[in-house]
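>>> what follows is a predicted protein model with its sequence.
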Amino acid sequence: MHPDLQKLIDLQQIDSRIAVLRAEIAALPKQVAAIEAKLAGSKTKVEAAQAAIKGDEGARRKHESDIKDQQEKISKYRDQSLKVKTNQEYRALLTEIEHAEKEIARLEDKILEIMVAADARKETMKQAEVTLRADTAENEKEKEHARAQTVQDEKELAELDGQRRQLRAGISEDTLRHYDRVLKLRGSGIAPVHDNQMCGVCRVILRPQVYQDVMKGDEIIYCDSCQRILYFVPPPPKEEETSDGQASGTAQNKSAVARNESAKTKEAVQPHEAPAQ
């Protein structure tokens, strides 16, 4: 095999892994931002529930204050009714008292509505707080994982960069220049060729002579279509050959065992000579 080919194969594996690590490192801040956004949404729900409860309490106090004002009006009108001199004035005061009583009834209904809704508000608040606590814990867990993953990825990236520089130093400049150009353009600089005589990436069938040259591996060959550097991958041994080999070995073992058993049998049945007198 050409001395640059195996180095190129190793280099592309490293370059592919480096690309994955860099993408992962770049994606981690976005993941943290998504987690923060989710937490912010949970905080907003809690704040909204708190604001609703606080608003209800304020409205209730306002209604209670308005009721007190109306009650004071009724008391004042009744005091005035004792001093009026005409029926017309008396009826006018009764009308004012009636209006005040209706306003009190309306305000009391409002307070009752607030009280009925209070339980639902508190339940909403409780659920929002539970969700917020869970999201806060998850937020810290995910951020810690992101930080640890970043440290791990950066450590591996530094090691791969060292290996990458070492490999590149052993590859000819022309080959390396071609590899870099195709890698930048197509995402990979080399491609395998199997016994189907195709470029393993762009799937274009190679010309017979090109295929033969790739199989020899004595020189750097480019795909006519995608310009990737080609290397040959020999086919694995066929299962039939493996099975035949195993069957042959098994038969030989059985034959040897049979011969051993036969020899033992003959030895057992052969008569022994009598000792000399």
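Alright, I've got the coordinates.

>>> average pLDDT for stretch 234-254, rounded please.
The average of the pLDDT scores along stretch 234-254 is 59.

>>> next one: stretch 160-173
Average pLDDT, stretch 160-173: 95.

>>> for it, which positions count as buried?
Residues 160, 164, 167-168, 171 are the ones in stretch 160-173 that count as buried (16 or more other C-beta atoms under 10 Å). From N, CA and C alone the C-beta is placed, and that goes for glycine too.

>>> go through those residues and name the one nearest Lys141.
The shortest approach to Lys141 among the buried residues of stretch 160-173 belongs to Leu160, at 28.1 Å (C-beta to C-beta).

>>> so Arg203: helix, strand or coil?
Here Arg203 takes the coil state, with states given by DSSP: H, G, I helix; E, B strand; the rest coil.

>>> that one and Val193, how far apart?
For Arg203, the distance to Val193 (C-beta to C-beta, to the nearest Å) stands at 11 Å.

>>> okay, the two: which has more neighbours?
Taking neighbours as other C-beta atoms under 10 Å, Arg203 and Val193 compare with Val193 leading, 21 against 11.

>>> who touches Tyr179 in this structure?
Residues near Tyr179 by C-beta atoms under 8 Å, 6 or more residues apart in numbering: 8, 11-12, 171, 189-190, 229.

>>> ok, now with 10 Å
For Tyr179, the contact set (C-beta atoms under 10 Å, 6 or more residues apart in numbering) comprises 4, 8, 11-12, 15, 168, 171, 188-190, 220, 228-229.

>>> and Met125, by the same measure?
Met125 sits next to 45-46, 48-50, 52-53 when contact means C-beta under 10 Å, 6+ apart.

>>> what does stretch 79-99 contact?
With C-beta under 10 Å, 6+ apart as the criterion, stretch 79-99 contacts 70, 73-78.

>>> buried sites along it?
81, 93, 96-97.

>>> and what of stretch 183-200?
Using 16+ other C-beta under 10 Å as the test for burial, stretch 183-200 gives 183, 188-191, 193, 198-200.

>>> now for these, which pair is the farthest apart?
Longest span within the buried residues of stretch 183-200, C-beta to C-beta: Leu183 and Met198, 20.4 Å.

>>> tell me which stretches of this structure form strands.
With strands called from DSSP state E, the chain shows them at 190-193, 221-222, 229-232.

>>> so how far is the shortest one off the chain centroid?
Here the centre of strand 221-222 is set off from its chain's centre by 39 Å, with C-alpha atoms, centre = their mean, to the nearest Å.

>>> can you check the first one too?
On the basis of C-alpha atoms, centre = their mean, the separation between the geometric centre of strand 190-193 and that of its chain is 31 Å.

>>> returning to that earlier point: nearest to Tyr211, of the strands of the chain?
Proximity to Tyr211, assessed across the strands of the chain by C-beta to C-beta, is greatest for strand 190-193 (7.0 Å).

>>> so what does the closest one touch, helix or strand wise?
Strand 190-193 sits against helix 3-81, helix 173-186, helix 208-216, strand 221-222, strand 229-232, with contacts defined as 3 or more C-beta pairs under 10 Å, 6 or more residues apart in numbering; DSSP states H and E.

>>> related to what we said a few turns ago, can you lay out the strands of the chain as CSV showing distance to Arg61?
Converted to CSV, these look like this (distance: least, C-beta to C-beta, whole Å):
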stretch, distance to Arg61
strand 190-193, 77
strand 221-222, 84
strand 229-232, 81
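
>>> let me see the contact set for the residue nearest to Val204 when sequence neighbours are not counted.
Distances taken as C-beta to C-beta, 6 or more residues apart in numbering place Ser225 nearest to Val204, at 3.9 Å, with adjacent residues excluded. Neighbour list for Ser225: 191, 199, 201-206 [criterion: C-beta under 10 Å, 6+ apart].
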